[in-house]
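Peer 1: Show me the folded form of this:
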Amino acid sequence: SITFNAVISACEKASQWQTALQVSTLMTWSKVESDTITLNAMVNTCEKNNMWENALQIFSEMVQRIAEVDTITYNTAMSACSKCGEWGKALQLFGSMRSGTVQPNTTTFTSAISACEQAGKWEKALQLFSAIAQGHLEFSTVTFGAAISACEKGGRWQKALHVLSE
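Peer 2: Sure thing, here's the model as predicted:
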């Protein structure tokens, strides 16, 4: 599977999602088992090409077939949904991650905050922003930007200033 994974990753980097899907099909025909790396690369390919439905389909297959989804898998699937305006799906993934065994990281929280920003859910975005500190995770500049943007879109400039002061 290492060779197939390398080819899929190369296709993903070159935005050749159709070829990546063909390689994935070839893996199945060749009876080569997909692993977490393979499927993460496929979800990432879908995310980069704004194919959130395909990303969620692959995510579901991972859960059913190999049950080894990781933080990268969740983050990429959430990002795919968020980029395409499917903020509800992104937040569903976030919720299932938090209730499962995979631990969210700063990127996970940032993706969820960005989904809230798109949905105009500034209060939820600020709750998630606060949860980062409670979870002893580090803030990133992207996290700050997403939280501030959520406040701005909600017309809450005072809250944006508060986020900035954290």
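
Peer 1: Tell me where this structure is predicted with low confidence.
Peer 2: 66-67 (pLDDT under 70).

Peer 1: For the residue of the chain most remote from its centre, give me phi and psi.
Peer 2: Distance from the C-alpha centroid of the chain peaks at residue 30, with 29.5 Å (Cα atoms, centre = their mean). Residue 30 has phi and psi values of phi -80, psi 0 when expressed as degrees, to the nearest 10.

Peer 1: how near is it to residue 1?
Peer 2: When Cβ to Cβ, to the nearest Å is the yardstick, residue 30 and residue 1 sit 10 Å from each other. To be clear about C-beta, it is placed using only N, CA and C from the backbone, and glycine gets the same treatment.

Peer 1: With residue 52 instead?
Peer 2: Where residue 1 is concerned, residue 52 sits at a distance of 25 Å (Cβ to Cβ).

Peer 1: same question, residue 149
Peer 2: 40 Å.

Peer 1: And these two? Which one has more around it.
Peer 2: residue 149 (19 against 14; other Cβ atoms under 10 Å).
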